[in-house]
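Student: Take a look and give me a structure for this.
(2 chains)
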There are 2 protein chains.
Amino acid sequence: MSRIDFTALKALDRQDPLAPVRQQFVIPEDTIYLDGNSLGLLTHATQQRLAEVTSQQWGQDVISSWNQHNWVHLPATVGDKIGQLIGAEAGQVICCDSISVNLFKALSAAFSLLDARGEPRTERHQVLSTADNFPTDLYMVQGLQQLVGSQQCELVLADEAELLSDLSQHITKQTAVVLLTEVNFRSGRRLPMADIIAHAHAMGALVIVDLAHSAGAVPVELDSWRADFAVGCTYKYLNGGPGAPAFVYVAKRHLADITQPLSGWFGHSQPFAFDAKFSAAAGIEKMLSGTPSIIAMSAVDAALEVFESVDMNQLRTKSVQLSEVFLELLEQAELAEQFDCISPAESAQRGSQLSFAHPQAYAICQALIERNVIADFRAPNYLRIGFTPLYTSFEELGKAVQQLQDIMQTQAYLDPRFQARQAVT
Amino acid sequence: MSRIDFTALKALDRQDPLAPVRQQFVIPEDTIYLDGNSLGLLTHATQQRLAEVTSQQWGQDVISSWNQHNWVHLPATVGDKIGQLIGAEAGQVICCDSISVNLFKALSAAFSLLDARGEPRTERHQVLSTADNFPTDLYMVQGLQQLVGSQQCELVLADEAELLSDLSQHITKQTAVVLLTEVNFRSGRRLPMADIIAHAHAMGALVIVDLAHSAGAVPVELDSWRADFAVGCTYKYLNGGPGAPAFVYVAKRHLADITQPLSGWFGHSQPFAFDAKFSAAAGIEKMLSGTPSIIAMSAVDAALEVFESVDMNQLRTKSVQLSEVFLELLEQAELAEQFDCISPAESAQRGSQLSFAHPQAYAICQALIERNVIADFRAPNYLRIGFTPLYTSFEELGKAVQQLQDIMQTQAYLDPRFQARQAVT
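Tutor: Numbering: from 1, shown residues only, chains lettered A, B, ... in the order given. Reported below is the predicted structural model:
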């Protein structure tokens, strides 16, 4: 068995300017966590904030906290903090609901904008996405399509590679909205969003970018890309906690002209006037719907503190380095041949994960997890390795590959326990 | 100044079988909290659960908690616990999103059911509600109406008193959905939902009941009322925390036939198969949309533990007694004349609050709050007093009225600090 050079890995950790950030996280005991692309780790700041929001704000100050602790503006203040990480100036991002729900709002808002421009739906009603976009994105378009009819909104799916190889063949004058996830959840492929947006705009289409695997993982420049809308989650690289509130971005130039149908009272211009008639807030607040979970959103707010000292380009540099080292380690361990890397070979075309196809991917993932190396599995047969530069060390990659090497050599994955599937994987 | 008989009030507390339940709550220091109809208090169980979910489940077990701690089924398990408090057999209630978002789903689902029955929208497309229903309910109908067009869905508003005095004049063959909040948020008036539902069904209409001010406050019997849909929140009488996840009920008889447009991946029959095509879950899970906040929902789950030892009829008895005692105390304090009680005189027609119109309601409320008597204000001029039998004592009512008496006699409410309005009140 070839040996992993831990001396070199430790040297990389010593040189890593982001290494101290790891101390801000609660690292699960004896665990190598390579699944921050699915659920980010808890920070000490979040732990402390949740205790304070619960015991003091809710427990003692109760209802007065809406003013006293500024709960009422939390969606906007958290939104602006997220905005700083995705290239959005203040007043364009708001934290609320789930990606799915926010996508429904963004989609409807996009159509409302085309309507306001006087574009007849008979000529432009298609929503172009890719067949392997994250399913919930497609499901939300299908939901809108079923509600308003396929003559008003019609999902059109392209193969990702085909789309990228010839944008003009797919983005046409019938395309109302291009809906793409910047980083593919299966392959980790990072799409050239700036190009796609420019192309879509040239054809008169609007673009919604899903940043689920981008926000906090790669530098995103929504404003300079001229994105129209974006959605994203906070529970992956932003470490907001399981199922944490998501966010939605609307470019400032569109804010006055859009409407969205999930027009709950938090999106009203004067929620506490209790008018019977809806009148949308002027700003990004019009994307709010019902009362937001303050506990959940406070966790997001606290989790974002980690990023205050982090430069996104520095983070990206380490992310690329982690993935390159991981690939080298697989080579060294003579595992590269049997694990078919489905992520692009060029790091510039990847997000912050690597995905490998293997017929035994599910069982191998379970065997890794039993050894406290937390990777994840995505159907049908992908092993995903997430790199979270805020807390992943180079030495951990060595240990992870060492375990993988042992699992493959001993065929530990054949254990029946690892072959039986659970509800969530 | 007439004196309040605290000996009698203390005797009522000693006889109160629910008095020990108060010990399960974190009671804000030196505070009389009469605003549980706006935001319920924290329980010790919730405080403990949040610490555990954060530190152990998220912090240590991280992603494996989706299976290990059954996060994946939390919406359904919490939903069933809520179901027990609102007369719903298992499998009909699910915890998720906000009331606003759930109402959009329920409304769309109701229309999908009428479509499935072959009812043409040309003949039946009205959503009947009351002009003083909680605004977000009306806003969500307006949102759907704007999205699908007023020939598909049209909000029709009735005056509450007029509606109740002649149901058949308002519920007609054009009525697709009757959307009512059982307990009016301003007046505390409790509508005769069983009658209304029977009447609506006789006319072929469906009924959505908003239980925001009912769940955990009054006995609700959704199944025996034959309600079609219901929504409700968990942050008032269910003590789930600020902006806690809401719930939605769909009668079992309708589950197979409905669709709803916010069809996110958690509502898919096999979310982790990652199919590109949506296929709705067979049961109440089809009402789910995106990934739910586990932290927020765990708080709700823990908060419901209090109800395990509580009989809803016993709770109702105390609720009525609290409101009757409060009215007597106002009489004793010679305040009853200037505070115009807009809640029904008959306790059977009330929820668990009393509302009083007074031109200085806002400032009086602020003056009470400064003295740590937490009531709330609703526009234009209502002082709301919420009774939460799980933790409100009779002695507290005496102390609250004593403070109110002093505020009125000294005209303390004229203080400019109390006259200036804040964002949330």
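Student: Going by C-alpha atoms from here, please, whenever you check contacts or count neighbours.
Tutor: Fine.
Student: need the residues of the stretch 251-400 of chain A near chain B, please.
Tutor: Residues of the stretch 251-400 of chain A lying near chain B by C-alpha under 8 Å from any C-alpha of the partner chain: A:260-265, A:272-278, A:289-296, A:379-380.
Student: so A:Lys10 makes contact with A:Phe394?
Tutor: Yes. Proximity of A:Lys10 to A:Phe394 meets the contact threshold set by C-alpha atoms under 8 Å, at 6.8 Å.
Student: of the two, who's got more company?
Tutor: Taking neighbours as other C-alpha atoms under 10 Å in any protein chain shown, A:Lys10 and A:Phe394 compare with A:Phe394 leading, 26 against 16.
Student: what's in contact with stretch A:281-290?
Tutor: A:76, A:91-94, A:96, A:102, A:105, A:248-250, A:255-256, A:259-260, A:262-270, A:280, B:98-101, B:136 (C-alpha atoms under 8 Å, 6 or more residues apart in numbering or on different chains).
Student: ok, back up a step: from the residues of the stretch 251-400 of chain A next to chain B, which land in helices?
Tutor: A:Ile294, A:Ile295, A:Ala296 (DSSP state H).
Student: CSV please, covering these and showing neighbour count and pLDDT.
Tutor: Listed next are these as CSV, based on neighbours: other C-alpha atoms under 10 Å in any protein chain shown; pLDDT from 0 to 100:
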residue, neighbour count, pLDDT
A:Ile294, 24, 98
A:Ile295, 28, 98
A:Ala296, 25, 98
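Student: So which residues of the stretch 251-400 of chain A form helices?
Tutor: All helices of the stretch 251-400 of chain A, identified by DSSP state H, counting those that start in this stretch, fall at A:252-255, A:294-303, A:312-332, A:361-370, A:394-410.
Student: Dump those to TSV, plus distance to B:Trp71.
Tutor: Shown next, in TSV, are the helices of the stretch 251-400 of chain A (distance: least, C-alpha to C-alpha, whole Å):
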stretch	distance to B:Trp71
helix A:252-255	36
helix A:294-303	15
helix A:312-332	30
helix A:361-370	18
helix A:394-410	27
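Student: deepest of these, which one?
Tutor: Most buried of the helices of the stretch 251-400 of chain A by mean neighbour count (mean count of other C-alpha atoms under 10 Å in any protein chain shown) is helix A:294-303; its value is a mean of 26.
Student: Quick one: distance of that helix to the chain centre.
Tutor: When distances are taken as C-alpha atoms, centre = their mean, to the nearest Å, helix A:294-303 is centred 17 Å away from the chain's centroid.
Student: centroid residue for chain A?
Tutor: Nearest to the geometric centre of chain A sits A:Ala212, at 1.5 Å (C-alpha atoms, centre = their mean).
Student: right, and it touches A:Leu180 too?
Tutor: No. Using C-alpha under 8 Å, A:Ala212 makes no contact with A:Leu180, being 10.7 Å away.
Student: At the contact with chain B, which residues of the stretch 101-250 of chain A appear?
Tutor: So the stretch 101-250 of chain A meets chain B at A:101, A:104, A:108, A:131-140, A:142-144, A:146-148, A:241-245 (C-alpha under 8 Å from any C-alpha).
Student: Now intersect the residues you listed with the helices, please.
Tutor: Among these, the members falling in helices (DSSP H) are A:101, A:104, A:108, A:135-140, A:142-144, A:146-148.
Student: so which pair among the residues you listed is furthest apart in space?
Tutor: Using C-alpha to C-alpha, the two most remote members of these are A:Pro135 and A:Val148, lying 20.1 Å apart.
Student: Quick one, which of the contacts of stretch A:281-290 are buried?
Tutor: When these are checked for burial by 16 or more other C-alpha atoms under 10 Å in any protein chain shown, the buried set is A:76, A:91-94, A:96, A:102, A:105, A:248-250, A:255, A:259-260, A:262-269, A:280, B:98-101, B:136.
Student: Provide the secondary structure category for A:Val207.
Tutor: strand (DSSP: H, G, I helix; E, B strand; the rest coil).
Student: can you pull the contacts of the closest residue to chain B within the stretch 51-200 of chain A?
Tutor: For the stretch 51-200 of chain A and chain B, the shortest gap (C-alpha to the nearest C-alpha) falls at A:Gly143, measuring 4.0 Å. Each residue near A:Gly143 by C-alpha under 8 Å, 6+ apart is listed here: B:Gln260, B:Pro261, B:Leu262, B:Ser263.
Student: right, and the third one touches A:Val141 too?
Tutor: No. With contacts counted by C-alpha under 8 Å, B:Leu262 stays clear of A:Val141, the gap being 9.0 Å.
Student: joint contacts of these two?
Tutor: Listed contacts common to B:Leu262 and A:Val141 are A:Phe104; contacts here mean C-alpha under 8 Å, 6+ apart.
Student: Excluding sequence neighbours, find me the nearest residue to A:Arg124.
Tutor: A:Gln174 (4.2 Å; C-alpha to C-alpha, 6 or more residues apart in numbering or on different chains).
Student: mind checking pLDDT for the one you found?
Tutor: pLDDT, A:Gln174: 97.
Student: if I look at it, how far off is B:Thr291?
Tutor: Distance, A:Gln174 to B:Thr291, by C-alpha to C-alpha, to the nearest Å: 32 Å.
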